[in-house]
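Participant: Need coordinates for the following:
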Amino acid sequence: MRPVHIALAVLVTALWGVNFVVIEVGLDHFPPLLFCALRFLVAALPAVFLVGPPKVAWRWILGVGLALGVAKFGLLFIGMHEGMPAGLSSLVLQIQAVFTALFAAVVLAERPGRRRLLGMAVALAGIAVAAVDEGTSGPLLGFVLVVAAAVFWGVSNVLTRRAAPPDALNFMVWVSLVPVLPLLALSLVFEGARPDVEALARLDWAGVGAIVYVAWVTTVFGFGVWGFLLRTYDASAVAPFSLLVPVFGMSSAALVLGEDISAPRWLAAALLVGGVALTSLPAGRPRRPRLGARRHPGPDEPNGQDGPSGFGLRPPSGFGLRPRRRAAAADAPGPGPAAPGTPAPADTTASRTPSTASRPSPRG
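Facilitator: Next up is the predicted model:
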């Protein structure tokens, strides 16, 4: 990757990590479900009029919008409202990689290899350590809600893989439009109209800044840049940067909010990040296949699925396809059988140009 693109990837993960601190600020101004609804409303409008029409079927937009917007972020905001620390939330959410792999094995018939199974076990051990630490020092309900949010993030990742959106920003903007009305309805039912109206009546610059950050900075800008990187490079080159999110999340929460990072929490962080790395990242650089040989996906790259972007998005399907065969070489009929006793004509092209079938792709 070019240095400027590496800097962009680090910047986006830093913005996503700091996002958990900003969510804490927003929760001081709004009920959680109302705050979540405002986040998606501002992310969708007016961007939905600028990105063009949806490029995938509506069923995928609705499915991801409900799983990611309503369930995942709704549970995350409620869990943090119930006392789950911002830094620990940024860490625990990374268990979504394990749930994504489990759901992909069931729904997409992706068989995890031994390295991926080991990564799941290590990550789950980290969750167990974090649960014990949080159960003795903080509200366990908030912890459970954030783990449930990670489960629905895994669901949305699998749905996104099935959708295969060619434009990450276009997809996320249209997905952001789906949760607005369901979240507003849930807020009116469970949080009440009066708290919502009071929160909007006393809106100040800190509340506005929190909404703008979680909507435009982390969603529109963040996913826009992330989608650009995935269109420019292989997902295996971009995915490792997502492991920096809990690093920035925990450090910014400690610096801004004064959250204490205990020794068990450091151990949980090491286990979770290590397990997610084993689960999500490729095993290594694949060997270049022989000319003319068909490449079969390995156990950690089943069925030719997209690489582990961390968010289920992949580059446009046109990337990586072999060039179309020349019509003259592919469709012209071969010479008929030679008459008995007639010597076969000399192949004058073999010494000059290799055949189209064995010619290496210009993209490598």
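Participant: Is Pro112 in a helix, a strand, or coil?
Facilitator: coil (DSSP: H, G, I helix; E, B strand; the rest coil).
Participant: Confirm for me that it is in contact with Phe103.
Facilitator: No - Pro112 sits out of contact with Phe103 when judged by C-beta atoms under 8 Å, with a separation of 11.4 Å. Bear in mind the C-beta positions are built from the backbone N, C-alpha and C, glycine included.
Participant: where does this protein dip in pLDDT?
Facilitator: Counting by pLDDT under 70, the chain has low-confidence residues at 134-138, 235-236, 280-364.
Participant: quick one: the strands in it?
Facilitator: Here the chain has no strands by DSSP state E.
Participant: quick one: Asp167 from Val48, how far?
Facilitator: Distance from Asp167 to Val48, counting by C-beta to C-beta, to the nearest Å: 13 Å.
Participant: Out of these two, name the residue with the larger neighbour count.
Facilitator: Per other C-beta atoms under 10 Å, whichever of Asp167 and Val48 has more neighbours is Asp167, with 20 against 16.
Participant: gap between the closest residue in space to the more buried one that isn't next to it in sequence and Leu184?
Facilitator: Sequence neighbours aside, Lys55 is the residue nearest to Asp167 in space, at 5.6 Å (criterion: C-beta to C-beta, 6 or more residues apart in numbering). Distance of Lys55 to Leu184, computed by C-beta to C-beta: 27 Å.
Participant: Same check on Ala9?
Facilitator: Applying C-beta to C-beta to Ala9 and Leu184 gives a distance of 34 Å.
Participant: ok, now Val208?
Facilitator: Distance from Val208 to Leu184, by C-beta to C-beta: 18 Å.
Participant: who's more crowded, the two?
Facilitator: Leu184 (18 against 14).
Participant: That one and Asp260: what is the separation?
Facilitator: 36 Å.
Participant: With Val276 instead?
Facilitator: Val276 is 23 Å from Asp260, by C-beta to C-beta.
Participant: between those two, which one's more packed in?
Facilitator: Val276 (27 against 10).
Participant: doesn't Gln94 make contact with the more buried one?
Facilitator: Yes - the pair Val276 / Gln94 is scored as a contact, 5.0 Å apart, by C-beta under 8 Å.
Participant: Need the residues touching each of those two.
Facilitator: Both Val276 and Gln94 are in contact with 123, 243, where contact means C-beta atoms under 8 Å, 6 or more residues apart in numbering.
Participant: Identify the residue spatially nearest to Pro85, adjacent ones excluded.
Facilitator: Glu259 (5.1 Å).
Participant: isn't that neighbour right up against Gly87?
Facilitator: Yes - counting by C-beta under 8 Å, Glu259 does reach Gly87; the two are 5.0 Å apart.
Participant: So for these two, which sits in the more crowded spot?
Facilitator: Gly87 (29 against 18).
Participant: ok, now which ones touch the more buried one?
Facilitator: 20, 246, 249-254, 257, 259, 261.
Participant: By neighbour count, which of those wins?
Facilitator: Neighbour max across the contacts of Gly87 (other C-beta under 10 Å) = Phe20, 29 neighbours.
Participant: got a list of what it touches?
Facilitator: Contact analysis of Phe20 by C-beta under 8 Å, 6+ apart lists 80, 86-87, 89-90, 249, 252-253.
Participant: what's the closest non-adjacent residue to it?
Facilitator: Ala86 (4.0 Å).
Participant: what do you get for Met172?
Facilitator: For Met172, ignoring the flanking residues on the chain, the nearest one in space by C-beta to C-beta, 6+ apart is Phe223 at 4.4 Å.
Participant: Could you tell me how many residues sit around that neighbour?
Facilitator: 23.
Participant: Can you give me the distance of it to Pro182?
Facilitator: 21 Å.
Participant: swap in Leu41?
Facilitator: Taking C-beta to C-beta, one finds Leu41 at 12 Å from Pro182.
Participant: Could you do Leu188 as well?
Facilitator: Leu188 is 11 Å from Pro182, by C-beta to C-beta.
Participant: Look at those two and report which has more neighbours.
Facilitator: Taking Leu188 and Pro182 together and counting by other C-beta under 10 Å, Pro182 has the greater number of neighbours (18 against 14).
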